[in-house]
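**Student:** Quick one, fold the following:
(one chain, ligands or ions: 3)
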Amino acid sequence: MKAFVIVLASLATLLAVGGASKVRYDNFKVFKIRTKSVEQQKWIEKLASDSKNFNLWHSGNKEVHIMVNPQKLINLQNYTRSYSLPMEVMVSNVQSLIDGEQSTRSADDTSSFGWTRYYPLSAIEAFLDDILTKYPSVTSAIDIGTSYEGRKIRGIKISYKEGNPGIFIESNIHAREWITSATATWLINELLTSTDEKVRNLAENHDWYIVPVLNVDGFAYTHTTDRMWRKTRQPVDGSDCIGADPNRNYDSHWMENGGASSNPCDETYAGSQPFSEPEVKALADYVASIKDRLNIMLAFHSYSQVLLSPYGWTADLPSNFDDLMAVAKAYADAVESLPYGTVYTYGTSSGAMYFASGATNDWAYSEQDILLSFTIEFRDTGRYGFILPPIQILPHCEETMAGLLAFVEKADELGYLNVKYTF
Ligand code: 0X9
Ligand code: ZN
Ligand code: ZN
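**Tutor:** Ligands and ions are numbered 1, 2, ... in the order given. Now for the predicted structure:
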């Protein structure tokens, strides 16, 4: 009888995926597990990739954060107990976090766009339109391309004068990382409206190319159906699983060194071939077309509070490693000096996090010669994970600005903002 109940319960969760209703995560928990070896870390990662009842939220430095269906908790406990691995509850009920995330909605639903709640894609597009209308002389629309489901992928260029060094920001390539697009839209607004002298200098002496939501299909899906969706939404030939990890799909050492999965059901599925995902191909084509004007490439992600430089596909260090670490340190120090005291760490992607191939920062660095290229993993370190409460959006944005100001200043000092340098 007990087994029968369990089957029904997990079916209910799965059936919701197909219908109009939303996937629910009632009593799903997120555990932090400190493993004693890389093998144990890999075992837990594999458990997460093999079953719908487990989902990997974070992994690095032998620490794993895993979301667990309460019905299947025993499978994980059997393992952790046999090795005496301590498990700490980070989130006791994922559904409560998701519900809480929406609680700031009703208050100002009709009022204008802001940063005290999260918005669906349509509102973000309306925000961009509004900005383009209000600041026609310094902004222009960027048409990145079209997603698998036919949505437009939009960006904005902010340029106050000719000949500025360029900074490109790719954001929300992972669908569930909502804080990234909230930060990107805030940054756009701040660059145009701030009266702070340092921010004015940052805005007016650099050209900004910002794509707030790259994975538009996945992002829409997180709003309509499954808050925890990560990948794209393109079906895979010969599989019932949908989508690829767009941050494993760039054509740079694609699928090398175990940095991605060939299983379409995995969260890190690399796609059927490099650039199989139209969103990734569109971004790559656009960046390639302006690469000579780009000095800095940033990919906004969450969570972990870490700046990740190349490489993700190999443990080798890039030739300008010291400079990369110097700008990352400047960012981290600036963030920590704010009253919130938020700590960011930094390192290469493979060293500070895990092996991952075909990611934006490696592609931009190795194939487009954009020598300051980072993945930035935003707040937090797992208390809320991907469901960062709306009340944290503004403090987080403030931190990001402080970090960017210091990062760009250091980049300039090191000679990276001259219009095309060579090593
Ligand atoms: O796994 C990823 O794609 C990123 N982490 S996330 O939790 N946001 O999914 C890290 C990517 C780091 N970059 C490289 N490995 N090159
Ligand atoms: Zn290679
Ligand atoms: Zn991500």
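**Student:** okay, CA-based contacts and neighbour counts for the rest of this
**Tutor:** OK.
**Student:** Which residue would be the closest one in the stretch 51-200 of the chain to ligand 1?
**Tutor:** His58 (5.9 Å; Cα to the nearest ligand atom).
**Student:** how close does that residue sit to ligand 3?
**Tutor:** Relative to ligand 3, His58 is positioned 10 Å away (Cα to the ion, to the nearest Å).
**Student:** Point out the residues in the protein that sit beside ligand 3.
**Tutor:** With Cα under 5 Å from the ion as the criterion, the chain meets ligand 3 at residues 174, 301.
**Student:** need the longest helix for the chain.
**Tutor:** If you go by DSSP state H, the chain has its longest helix at helix 393-413.
**Student:** Give me the distance between that helix and the centre of its chain.
**Tutor:** Helix 393-413 has its average C-alpha position 17 Å from the chain's average C-alpha position, going by Cα atoms, centre = their mean, to the nearest Å.
**Student:** Quick one: residues in contact with it.
**Tutor:** For helix 393-413, contacts defined as Cα atoms under 8 Å, 6 or more residues apart in numbering pick out 115-117, 179, 182-183, 186-187, 198-199, 202, 326-328, 330-335, 338, 340, 379, 417-418.
**Student:** Am I right that Pro390 is in contact with Tyr119?
**Tutor:** No - counting by Cα atoms under 8 Å, Pro390 stays clear of Tyr119, with 10.6 Å between them.
**Student:** ends of stretch 313-324, how far apart?
**Tutor:** Start-to-end span of stretch 313-324 (Cα to Cα, to the nearest Å) is 17 Å.
**Student:** Just checking it against ligand 1, any contact.
**Tutor:** No - Stretch 313-324 is not in contact with ligand 1 by Cα under 6 Å from any ligand atom; minimum separation 6.5 Å.
**Student:** where does the residue in the stretch 201-350 of the chain that ligand 3 sits nearest to land on pLDDT?
**Tutor:** Closest residue of the stretch 201-350 of the chain to ligand 3, Cα to the ion: His301 (4.2 Å). At His301, the pLDDT value in this model is 98.
**Student:** can you pull the buried residues of the helix or strand harbouring it?
**Tutor:** Secondary structure assignment for His301, by DSSP states H and E: strand 294-302. Neighbour counts over strand 294-302 (16 or more other Cα atoms under 10 Å) mark 294-302 as buried.
**Student:** again, but for stretch 160-171
**Tutor:** Neighbour counts over stretch 160-171 (16+ other Cα under 10 Å) mark 160, 164-171 as buried.
**Student:** Same check on stretch 318-330?
**Tutor:** For stretch 318-330, using 16+ other Cα under 10 Å, the buried residues are 318, 321, 323-330.
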